[in-house]
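> Starting from these lines, generate the structure:
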Amino acid sequence: VICVVSAGNSATSLDPYVVEGVSDTGVVGSPGTASDALQVASSNNSMITLPAVTAVVNGEAHLMGYTQCDIDPIDVFTSDNNLQLVDCGFGNPADFDGKDLAGKVAFISRGDITFVEKQINAQAAGASAVIIYNNTANQAHINMATDPSITIPVIFITNEDATIIKSAASLDEVTVSFNKEVISMDNPVAGQMSDFTSWGPTPDLEFAPQITAPGGNIYSTLNNNSYGSMSGTSMSSPHVAGATALIIQGLKDNGIELEGRELVEFVKKTIINTAETLTEKNALEEENIPYSPRRQGSGMIQTKNAIENRVLALGEDGKATISLKEIGNTTTFSITLKNYSTSDAVYKVTAPCGVLTTINPGFGITNYMVADEIIEGATINFDKEEVVVPASGQVTVTATLNIPEDVEKNIFAEGYIKFINNNNEDLSLVVPYMGFYGDWSAEKIINDFAWDFNANNILPASFAAVKLLGDYNYAGYVGRDEQGNVVLD
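Residues are numbered from 1 along each chain as shown. So this is what the prediction gives:
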């Protein structure tokens, strides 16, 4: 039995911040951190399937996909309800002044105030429904925050669809209706890692997650005989579970002579080894930089390649991922390639993009997507440029990771080792590696105290409050000195 487990949907422990000097931000947890589990991260689906509103603009009907809040417009409006739109700016109270919204839909731009404030203001103004549109082009649909007090339907559409609506000679002439239509469209963030997917590593610097699958905007069955799109690693892990069943069947049908735990281990490792490492344009505008292995594991699952592969690339502990734990300036480790077929296999040994680490943006930045960059001057070298793995045999490659003395300490040093198959590049192998350059135990586990004027105010302050001097104050508080600093006993 292979246990496939979700990585979680918590991004990092500091999300949405990146803070200088804080490296331990992994939030993957049990049961996915168990040694026998295969933990799955989430990437965004290639397509988005959504319910669609029909907008009639200049006499032409357009289907526009939407996400919705708690109240389903299908439950409120019949298909023959043709609703008129009213432009309500950003949804501030003043944007509704002098406008008749009875039986109409408030058409509101994202921005300026929160989604909840827009909804509350529109409802107070008498709107029957709200359409909020994105104020930025080429962005995915958003699942908006809402409030239990909202009793009218609220939907979200893209900037591109809003532009079509605004192309009307007069917004008064545009009508919308809800006819139980569904639309599929290209996902503008297809193939990118999902913002929410939980990062590793585990607290003891082991690898998790190990693999990635589509989990963002997955259209599937819901309760009450319905369908809908949902996002999360609870979508990506079933994808891998189903793929795993197919891989087991495919391997058996193609004559692999393994049983029991030996078969289970082969399946897990061929899944990891044959993944496609995903890349991005990082926050420094550098192209084709791999996502961190702490985020994607080895990359996107490739089911067909996992079935056809017969060579495993494994670290010294027999795993298909390499956890180097704490490392210094020079670290040597080995990868063993083991051939389960009756034919030799030839590979070129490479390290795409060299050695990576998390971008350090400075003191503290919000709404900054955590990403990797190349460590300047760091190298990973191999004792062989090409290897021939004999039929039913094995060969070992020695890797040496070098980090310059002038590189800052207490950072991750990570990346990918790729063995490019000379005969079929689709059957190339990847081994993600990760080490922590420095002292993993050196990082503070208690945040700066609230009275420390030099504290990092991005992180929540630490303090204990007790009743002192007739009022609640910091524990041990006796007053302040001439400079206004807290004095504790």
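
> List the contacts of the closest residue to Ala351 other than its chain neighbours.
Spatial nearest neighbour of Ala351, chain neighbours left out: Ile380 (4.6 Å); criterion: CB to CB, 6 or more residues apart in numbering. Yep, even glycine has a C-beta here, placed from its N, CA and C like the rest. Ile380 makes contact with Ala351, Gly354, Val355, Ala399, Thr400, Leu401, Asn402, Gly415, Ile417, according to CB atoms under 8 Å, 6 or more residues apart in numbering.

> Nearest to Ile132 among those?
Nearest to Ile132, judged by CB to CB, of the contacts of Ile380 is Gly415 at 41.3 Å.

> so Gly215 is in which element?
strand 211-216 (DSSP states H and E).

> Can you mark which positions in stretch 162-182 are buried?
Within stretch 162-182, the residues scored as buried using 16 or more other CB atoms under 10 Å are Ala162, Ile164, Ile165, Ala168, Val174, Thr175, Val176, Ser177, Phe178, Asn179, Glu181.

> can you list the residues that contact it?
The contact list for stretch 162-182 (CB under 8 Å, 6+ apart) reads 49-58, 62-64, 73-74, 77, 79-87, 105, 107, 109, 131, 133-134, 227.

> got any ranges where the protein has weak pLDDT?
Applying pLDDT under 70 to the chain flags residues 361-369, 451, 453-460, 468-469.

> Helices along that one, start to end?
Under the criterion DSSP state H, the chain contains helices at 73-76, 115-124, 159-166, 233-253, 260-273, 293-296, 303-308.

> To Gly26, which of these lies closest?
helix 293-296 (6.6 Å).

> What is that closest one packed up against?
Here helix 293-296 touches strand 37-44, strand 411-421, strand 429-437, going by 3 or more CB pairs under 8 Å, 6 or more residues apart in numbering; DSSP states H and E.

> Quick check: the residue nearest to Ala190 when sequence neighbours are not counted vs Ile380, distance?
Nearest non-adjacent residue to Ala190, counting by CB to CB, 6+ apart: Ser46, 4.4 Å away. Noted for Ser46: a distance of 32 Å to Ile380, by CB to CB, to the nearest Å.

> now Asp344
Relative to Ile380, and taking CB to CB, Asp344 is found at 26 Å.

> Also Phe178?
From Phe178 to Ile380 the distance is 56 Å (CB to CB).

> likewise Glu308?
28 Å.

> try Pro390
From Pro390 to Ile380 the distance is 25 Å (CB to CB).

> who are the neighbours in contact with Val387?
Leu337, Val346, Tyr347, Val349, Val395, Val397, Phe419.

> same thing but 7 Å
Contacts for Val387 (CB atoms under 7 Å, 6 or more residues apart in numbering) come out as Leu337, Tyr347, Val349, Val395, Val397.

> farthest pair in these?
Val349 and Val395 (10.6 Å).

> Compare these two and say which is more crowded by neighbours.
Legend: neighbour count by other CB atoms under 10 Å for Val349 and Val395, higher for Val349 (20 against 17).
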